[in-house]
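In: next one to model:
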Amino acid sequence: MHVLSVSSLKGGVGKTTVSLGLASAAFARGVRTLVVDLDPQSDVSTGLDISLAGRLNIADVLTSPKEKTVRQAIAPSGWTTTHPGKLDVLIGSPSAINFDGPHPSIRDIWKLEEALAYLENEYDLVLIDCAPSLNALTRTAWAASDRVSVVTEPGLFSVAAADRALRAIEEIRRGLSPRLQPLGIIVNRVRNQSLEHQFRIKELRDMFGPLVLNPQLPERTSLQQAQGAAKPLHIWPGDSAQELAHYFDQLLERVLRTGRVGEYADAVPRDDAEPIEPVS
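Out: Numbers count the residues shown, from 1 in each chain. Next up is the predicted model:
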């Protein structure tokens with residue numbers, strides 16, 4: 001089971017939208033996937049069309065990460081009612097904000113890792129939609145993760161936030177979880193005609209080199225439309241939706257290859273899977 005955190009230290013860059021796009025790609029490919037909604041806004045739970053009736057949620061799991069609690073907090077995505085596949089959600093809750101203090105204990109940081117251990121043989125991929133900060137919830141997610149993808153957009157403040165995120169990942173890797181590595185930077189909401197966007201993407205590449213992932217995701221309304229309808233991007237009509245679906249397929253391929261998931265389980269790790277430290 002490969003665990004990937006989808007993170008941003010700046011709100012409003014489309015982190016949850018990227019989580020839903022990757023979930024859609026995994027669902028279309030038949031990858032057994034669990035999405036953990038660790039953002040107190042709980043938007044990824046809404047986008048995955050889950051029923052809350054009779055369910056616990058992530059706040060209950062962080063209070064008591066026992067197996068019974070974990071299983072009662074997981075619901076199948078509504079996407080599975082019309083299309084076959086295994087896509088489940090560890091349900092989000094606004095109450096998760098109570099666990100997002102600035103100085104978590106070591107015991108608290110490892111609670112999600114403890115919870116996911118019960119599910120090791122049931123999923124190929126876990127996607128964690130993180131809170132947009134570097135407080136306890138994000139540290140809890142990263143401690144449970146193998147990789148972190150940093151979502152950004154091509155703007156000045158978002159570039160700085162990506163730099164902070166990569167440095168924080170390295171700090172967690174050295175001090176807490178040696179297996180943690182960055183997957184890379186996913187650049188979202190790109191307008192190819194914008195000279196400012198072109199400049200910022202070049203700036204990102206100059207700073208972080210191969211950590212800037214291809215393809216970059218163009219700004220398209222179809223993504224928001226599918227998300228608003230709580231439907232997978234891969235079944236949404238229109239050329240722009242299918243263009244984006246193809247891009248998410250490529251990003252998922254990177255996730256599966258570097259995580260040695262599925263058909264890549266016996267593959268020899270490539271150089272781009274090695275740790276890369278952020279560069280000033």
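In: make it CA atoms for all contacts and neighbour counts henceforth
Out: OK.
In: so what pLDDT did the residue lying farthest from the centre of the chain get?
Out: Residue distances from the centre of the chain (CA atoms, centre = their mean) peak at residue 195, which lies 28.4 Å from the mean C-alpha position. Looking at residue 195, its pLDDT is 91.
In: need the phi and psi values for it.
Out: phi -70, psi -30 (degrees, to the nearest 10).
In: which parts of stretch 188-204 are buried?
Out: By neighbour count with 16 or more other CA atoms under 10 Å, stretch 188-204 contains the buried residues 188-191, 197-198, 200-201, 203-204.
In: scratch that, stretch 118-130 is what I was asking about
Out: Quick answer for stretch 118-130 (16+ other CA under 10 Å): 119, 123-130.
In: one more: stretch 154-174?
Out: Those buried within stretch 154-174 under the rule 16+ other CA under 10 Å are 154-155, 158-159, 161-163, 165-167, 169-170, 172-173.
In: flag the least confident of the residues you listed.
Out: Least confident of those in the model: residue 158, at 79.
In: okay, and that one sits in which element?
Out: Residue 158 belongs to helix 156-175 when elements are defined using DSSP states H and E.
In: what's that helix packed up against?
Out: Helix 156-175 sits against helix 136-143, strand 147-152, strand 181-187, helix 195-208, with contacts defined as 3 or more CA pairs under 8 Å, 6 or more residues apart in numbering; DSSP states H and E.
In: can I get these in CSV including distance to residue 243?
Out: Below are those laid out as CSV (distance: least, CA to CA, whole Å):
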stretch, distance to residue 243
helix 136-143, 30
strand 147-152, 19
strand 181-187, 16
helix 195-208, 20
